[in-house]
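S.K.: requesting a structural model of the entry that follows:
(chains A and B)
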2 protein chains.
Amino acid sequence: MDMAKVYNFSAGPAVLPHQVLAEAQSELLDWHGSGMSVMEMSHRGKEFMEIIHDAEQDLRQLMGIPAGYKVLFLQGGASLQFAMAPLNLLGDKDSIDIVNTGHWSKLAIKEAKRYAKVNVAASSEDRNFCYIPEEASWQRDPNAAYLHYTSNETIGGLQFPYIPAEQHGVPLVCDMSSDFLSREIDVSRFGMIYAGAQKNIGPSGLTVLIIREGLLGKARADIPTMLNYQVHADADSMYNTPGTYPIYIAGLVFKWLKEQGGVKGIATRNEEKAGLLYHVIDSSGGFYSTHIEQPFRSKMNVVFKLKDEALDEIFLLEARKNGLAQLKGHRAVGGMRASIYNAMPIEGVKSLVNFMQDFARQYG
Amino acid sequence: MDMAKVYNFSAGPAVLPHQVLAEAQSELLDWHGSGMSVMEMSHRGKEFMEIIHDAEQDLRQLMGIPAGYKVLFLQGGASLQFAMAPLNLLGDKDSIDIVNTGHWSKLAIKEAKRYAKVNVAASSEDRNFCYIPEEASWQRDPNAAYLHYTSNETIGGLQFPYIPAEQHGVPLVCDMSSDFLSREIDVSRFGMIYAGAQKNIGPSGLTVLIIREGLLGKARADIPTMLNYQVHADADSMYNTPGTYPIYIAGLVFKWLKEQGGVKGIATRNEEKAGLLYHVIDSSGGFYSTHIEQPFRSKMNVVFKLKDEALDEIFLLEARKNGLAQLKGHRAVGGMRASIYNAMPIEGVKSLVNFMQDFARQYG
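M.R.: Down below sits the predicted model:
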């Protein structure tokens, strides 16, 4: 099949590896000679049990998830975790620390406030979320149940270049939705990590959660059974029927990632991709600009503006004609956003860079 | 591709129409010339907005859903609805009526009891759920917030042959997970209907909910935002990223169903399929039997036993050799179960019937 090549810079759901989609296509009607599509399989049958087991093992290997951590495959996206985290982790404490770095942090704060006292330990709202406040300046509560932060702000294009230190034994909880598996991290430094799948993992409808076993069993007694981490942990994510197809695709993505040299290999490529884009922005003589301070520029979501806003529509139209799709920034911040998750090939970024240079020459 | 034909009688996730899977396969890499897989599309882009809009319109047409009802595409399965229903619908009432007809009713009761006084208006537990108590005998509470029932018990094989009458203005709420779209119903008689997708709708990870608008806005103030029907209704199921791929497949299933003569057409075929199976059971001279009383026998899940339990394993092995898969009954009831949802072709049922007759001759 010959089709016009389109590079899809959507912030999520987002581009998936071609190899993964091709494999899913080839076995869509008949998975491994079973005579069934994965979508038709009983979640408790041996075929699907093998799929979910392999997906978990591959993820554990990719991230070096230590023993003593559970991996859960849930539904509802990060938005449901904004409630589930406090409802499950507060225990006998009454407050949590949250770092406010933008849109998604703010939603996490808003929802958490319904169930806990929230101490905003640090915020960069004073300067439109262009930076992350120095860790030494954070006002942390030694009695917080946990400290929550958003490792990458998908909308703002702001990314933590480090993992905050644990203090006073307060566990770290991280919404890693948009940079999960994009760079090496030490899982043992976290109490819990969660991520909506639709950026670096697979299709939407799946949330991956990694939790230290010691944090289980603290859920509020009155929460719905389906919102209790312990219930899902005890049932190995099979308390009820999970979203089987997204889990299957995630498993294919994990296998693909192993072939890319794992997280270390993909991180190198991600650095290179982001480097190309920020270079063209920085060397455009002001035609393109980003307000994010250098150390905190996201390697997943490159947010930038054109010097003249009146050119935005032309930029988007011309880009689309060149096979470069979904570059419009989120309405909350305007301008442009190029999401360059793991599955975006470097050729796509090079194509965008060339287009941006040509466009700046023509309209600059 | 030539593969051994397998008929999959799984209770869910379950068989999907071949035509739907073939279409999904053909456009998996490139939906309608967009250059993207449906899995890669932004849920807010025009392509996916068209997909979800068409899915809803086709469902409305298939079921004759009146104006004044919202259709929501949610996550979490029926199990999450067991909590969401009382948390959203109780309002200023403090009790609900539930009819207990088996495994799924019991789970609905258990979860609802955590949030409301539950009046079990009727139960057939006294005779192992082989019947549905006469409606006139139900002990209904005129002050209940709603009456909940399970139209088809997937595990027990027990199905309501009618829609209960509304009394005292108490709305009906129905878990229709395993017979949704299998027969004509008058939606206007319900306050709310919900169904996990993985039987008659599509892949797991999607819950379809149909709710009378007048029942919105009564949610308990302290429930998670993601559990509030009003939030999802206001956002047209786009409060956060929905499970896009299952919604797309559901849309293909709805189109396929329209080609089958709609719900009326499929209902005729479902009657015929169930009739063939119950006939072979009834005419087996006791070799096969079902404990479900005739009027309440499920047309979706045909539950039966062999005279001699020692033959169960041989039956299952021989069936599998004949391309008849997933016939083992749920561990809670034992024996056999043939789930024959909309997508099970009549050829599959005929093949099973022939096998059952041969098996009875050989081992009877």
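S.K.: where in the stretch 101-250 of chain A is pLDDT low?
M.R.: The stretch 101-250 of chain A contains no residues with pLDDT under 70.
S.K.: which bits of the stretch 51-200 of chain A sit near chain B?
M.R.: Proximity of the stretch 51-200 of chain A to chain B, by Cβ under 8 Å from any Cβ of the partner chain, involves residues A:75-80, A:82-84, A:87, A:111, A:114, A:196, A:198. (Glycine included, C-beta is placed from N, CA and C.)
S.K.: and the strands in the stretch 51-200 of chain A?
M.R.: A:69-74, A:95-100, A:117-123, A:147-150, A:152-153, A:158-159, A:172-175, A:192-196 (DSSP state E, counting those that start in this stretch).
S.K.: take those and write them to TSV, including mean neighbour count.
M.R.: Output for these, formatted as TSV (neighbours: other Cβ atoms under 10 Å in any protein chain shown):
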stretch	mean neighbour count
strand A:69-74	21
strand A:95-100	23
strand A:117-123	19
strand A:147-150	26
strand A:152-153	28
strand A:158-159	26
strand A:172-175	25
strand A:192-196	26
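S.K.: quick one, which of these gets closest to B:Asp58.
M.R.: strand A:192-196 (27.6 Å; Cβ to Cβ).
S.K.: keeping just the C-alphas, turn the closest one into CSV.
M.R.: Provided in CSV are the C-alpha atoms of strand A:192-196 (Å, rounded to 0.1, in the frame of the first residue of the first chain):
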residue,chain,number,x,y,z
MET,A,192,4.3,5.4,42.7
ILE,A,193,4.4,6.2,39.0
TYR,A,194,1.4,6.4,36.8
ALA,A,195,1.0,7.1,33.1
GLY,A,196,-1.9,7.2,30.6
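S.K.: now the strands for the stretch 251-364 of chain A?
M.R.: With DSSP E, counting those that start in this stretch as the criterion, the stretch 251-364 of chain A has strands spanning A:288-289, A:301-306, A:324-325, A:336-339.
S.K.: which one of those strands lies closest to chain B?
M.R.: Minimum separation from chain B across the strands of the stretch 251-364 of chain A (Cβ to the nearest Cβ) falls at strand A:324-325, 7.4 Å.
S.K.: run through the bridge partners of the residue nearest to A:Ala85 when sequence neighbours are not counted.
M.R.: Among residues not flanking A:Ala85 along the chain, A:Val173 sits closest, at 5.8 Å (Cβ to Cβ, 6 or more residues apart in numbering or on different chains). Beta-bridge pairing for A:Val173 (DSSP bridges): A:His148, A:Met192.
S.K.: and the residue nearest to A:Ser42 when sequence neighbours are not counted, how far is that from B:Ser298?
M.R.: Spatial nearest neighbour of A:Ser42, chain neighbours left out: B:Ser10 (4.4 Å); criterion: Cβ to Cβ, 6+ apart. For B:Ser10, the distance to B:Ser298 equals 15 Å [Cβ to Cβ, to the nearest Å].
S.K.: nearest to B:Ala360, of the strands of the stretch 51-200 of chain A?
M.R.: Nearest to B:Ala360 among the strands of the stretch 51-200 of chain A is strand A:69-74 (42.0 Å), distances taken as Cβ to Cβ.
S.K.: export the strands of the stretch 251-364 of chain A as CSV, with columns for mean neighbour count.
M.R.: Shown next, in CSV, are these (neighbours: other Cβ under 10 Å):
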stretch, mean neighbour count
strand A:288-289, 19
strand A:301-306, 24
strand A:324-325, 22
strand A:336-339, 24
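S.K.: can I get those strands in CSV including distance to B:Met63 and mean pLDDT?
M.R.: Listed next are these as CSV, based on distance: least, Cβ to Cβ, whole Å; pLDDT from 0 to 100:
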stretch, distance to B:Met63, mean pLDDT
strand A:288-289, 51, 98
strand A:301-306, 40, 98
strand A:324-325, 35, 96
strand A:336-339, 38, 98
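S.K.: of all those, which one comes closest to B:Gly243?
M.R.: The nearest among the strands of the stretch 251-364 of chain A, by Cβ to Cβ, is strand A:336-339 at 19.8 Å.
S.K.: is the closest one up against chain B anywhere?
M.R.: No. Contact of strand A:336-339 with chain B (Cβ under 8 Å from any Cβ) is absent, the minimum separation being 9.8 Å.
S.K.: can you check the pLDDT for A:Ala4?
M.R.: Confidence at A:Ala4, expressed as pLDDT, is 59.
S.K.: dump the residue contacts of A:Gly91.
M.R.: A:Ala145, A:Lys218 (Cβ atoms under 8 Å, 6 or more residues apart in numbering or on different chains).
S.K.: what's the separation between it and A:Gly191?
M.R.: 12 Å.
S.K.: the stretch 51-200 of chain A: helices as residue ranges?
M.R.: A:77-89, A:103-112 (DSSP state H, counting those that start in this stretch).
S.K.: so for B:His291, which of those helices sits nearest?
M.R.: When the helices of the stretch 51-200 of chain A are compared (using Cβ to Cβ), the closest one is helix A:77-89, at 40.3 Å.
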